[in-house]
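> I would like the atomic coordinates for the input below:
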Amino acid sequence: MTLVRWHRPLLWLAALMTVLAVFTSIAALVDHRQVTGVDLWLKPLKFALSIGIYAVTLSWLIGQLQRFRRIAWIAGTVSVVGLLLEMVIIVGVAAVGETSHFNVSTPLHTTLWSIMATSIVVVWMMTFLVSIVLFRNPMGDRARTLAIRAGAILALVGMALAFLMTGPTAQQLDDFQGIAGAHAVGVEDGGPGLPLLGWSTVAGDLRIPHFVGMHALQVIPIIAIVLALVARRVPALRSAVTQRRLVAIAAATYSAVLVVLTWQALRGQSIVRPDGLTIGASMAVFAVAIGLAVAAVMAPGRPGATTATATGGELSLARSPRSARRVEANARRRSAPSGS
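Model (predicted):
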């Protein structure tokens, strides 16, 4: 079982975000002020939840590293500083009843927005650095290693998609009101949206691919863990080769879904009102994924390959019976006294 040495500053950040999430939830119930048509405490609440999940995940990943751990530890600590700075501004601006994102209406708001933009770029760079370190470390069996690395890459892509929101829209250029940038495509921010998430129900919303991409850091590794757990009861999934194939298919499917969601948002189309093109593309993605998954399970695994199992919440390695017998026989031959 791998000993996880958690990154403590990131855990403290996650604990602080938990407290902040509770506070903003209560504030949203008693303070009904709105900014751009949305309850002003919902943004701090969403950011607190997202940052808390990110902090726990990154702390866990850094805690498993065997090589270049110090570099990753420093990167994690810098991320804590950047994310704290981000949240201080988001909560502070919300408390006075104004919007923090895209706000360049005054020199102060422009400065705060610039600080936020800089801090999140730094966090992205630190995540990129940790991702490089992940590629220099074995993370258990091959399926889990692939899941963690693919999740990190997709998370970086998802974080980078936020930059699509930062440019001023045509409407803003025609009638500048101190806001340069938008979540929605085709309409102004603040229109009808999904509960809590706020994603537009009448137009495209770039927060959707941004959100989905970021959380690949959790989703893809969870898929690998679930596969390992299910494999204990389903013999067809016990081969390490099969599990690695399925994780690869899951990562590729996730990438395709991210492309479709980004394409849909950029066309100004609401997530709840997909047109024929979006539905067709989505069906094609999932049809191919199902076909590849069936083929991966039906295809024979490599003889003697290790299989991934889940033990005590950790993924461990176990050899197939044939491979185990071969190793045991080799060990007996090595330990037997040699004749002279």
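> my read is residue 288 is in a helix, agree?
Yes. Residue assignment for residue 288, taken from DSSP: H, G, I helix; E, B strand; the rest coil, places it within a helix.
> report how many residues lie close to residue 294.
Counted with other Cβ atoms under 10 Å, the neighbours of residue 294 add up to 10. Glycine gets a C-beta too; all of them are placed from N, C-alpha and C.
> separation between it and residue 245?
Residue 294 sits at a distance of 11 Å from residue 245 (criterion: Cβ to Cβ, to the nearest Å).
> what do you get for residue 22?
42 Å.
> got it, and residue 216?
In this structure, residue 216 and residue 245 are separated by 18 Å, where distance is defined by Cβ to Cβ.
> who has more neighbours, the two?
In this view residue 216 and residue 245 are compared by other Cβ under 10 Å, and residue 216 has more residues nearby, 25 against 20.
> ok, the residue nearest to that one when sequence neighbours are not counted to residue 218 distance?
Once its chain neighbours are removed from consideration, residue 216 has its nearest residue in residue 154; the separation is 3.5 Å (Cβ to Cβ, 6 or more residues apart in numbering). Counting by Cβ to Cβ, the separation of residue 154 from residue 218 is 11 Å.
> likewise residue 262?
From residue 262 over to residue 218 the distance is 20 Å, taken as Cβ to Cβ.
> next one: stretch 166-183 to chain centre, how far?
If you compare the mean C-alpha spot of stretch 166-183 with that of the full chain, they lie 28 Å apart, counting by Cα atoms, centre = their mean, to the nearest Å.
> got the phi and psi for residue 179?
Backbone geometry at residue 179, expressed as degrees, to the nearest 10, gives phi -120, psi 130.
> does it really touch residue 100, like I thought?
No. With contact defined as Cβ atoms under 8 Å, residue 179 and residue 100 do not form a contacting pair (11.2 Å).
> do you have the strands of the stretch 201-340 of the chain handy? List them.
Secondary structure of the stretch 201-340 of the chain (DSSP state E, counting those that start in this stretch): strands located at 204-205, 306-311, 314-319.
> residue 54 touches residue 214, doesn't it?
Yes. The criterion here is Cβ under 8 Å, and residue 54 meets it with residue 214 at 7.4 Å.
> just give me the residue right at the centre of this structure.
With distances taken as Cα atoms, centre = their mean, the chain has residue 215 as the residue nearest its mean C-alpha position (2.2 Å).
> my guess is that one contacts residue 155. True?
Yes. Counting by Cβ under 8 Å, residue 215 sits close enough to residue 155 to count as a contact (7.4 Å).
> if we can go back for a sec, ok, the residue nearest to the centre of the chain - contacts?
Residue 215 sits next to 53, 155, 158 when contact means Cβ atoms under 8 Å, 6 or more residues apart in numbering.
> relative to residue 247, how far out is it?
Between residue 215 and residue 247 the distance is 17 Å, computed by Cβ to Cβ.
> next: residue 89.
The value you get for residue 89 to residue 247, if Cβ to Cβ is used, is 38 Å.
> who has more neighbours, those two?
Between residue 89 and residue 247, residue 247 has the larger neighbour count (other Cβ under 10 Å), namely 26 against 18.
> could you measure from the more buried one over to residue 203?
As defined by Cβ to Cβ, residue 247 lies at a distance of 35 Å from residue 203.
> same question for residue 185.
6 Å.
> again, but for residue 148
Distance, residue 148 to residue 203, using Cβ to Cβ: 35 Å.
> ok, residue 31 next?
Relative to residue 203, residue 31 is positioned 28 Å away (criterion: Cβ to Cβ).
> what of residue 209?
Look at residue 209 and residue 203: by Cβ to Cβ, they are 14 Å apart.
> can you check residue 112 too?
As judged by Cβ to Cβ, residue 112 and residue 203 stand 27 Å apart.
> which of those two has more residues huddled nearby?
Neighbour comparison, residue 112 and residue 203: the larger count goes to residue 203, with 24 against 20 (by other Cβ under 10 Å).
> for the chain, just list every one of the helices.
With DSSP state H applied, the chain shows helices at 8-30, 42-63, 69-95, 107-134, 142-160, 170-174, 207-214, 216-231, 240-266, 276-298, 321-335, listed in chain order.
> sorry, back to before: my read: the residue nearest to residue 216 touches residue 252, true?
No. Contact criterion Cβ under 8 Å: residue 154 and residue 252 do not qualify, at 10.4 Å.
> between these two, point out the one with more neighbours.
residue 154 (22 against 15).
> tell me the domain ranges of this protein?
Split into domains by automatic domain parsing, the chain comes to 1-137, 139-323.
> would JSON lines of those with mean pLDDT be doable?
Converted to JSON lines, these look like this (pLDDT from 0 to 100):
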{"stretch": "domain 1-137", "mean pLDDT": "91"}
{"stretch": "domain 139-323", "mean pLDDT": "85"}
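> that older thread, more neighbours: which of residue 262 and residue 218?
Comparing residue 262 with residue 218 by other Cβ under 10 Å, the one with more neighbours is residue 262, at 21 against 16.
> fine, thanks again, bye for now.
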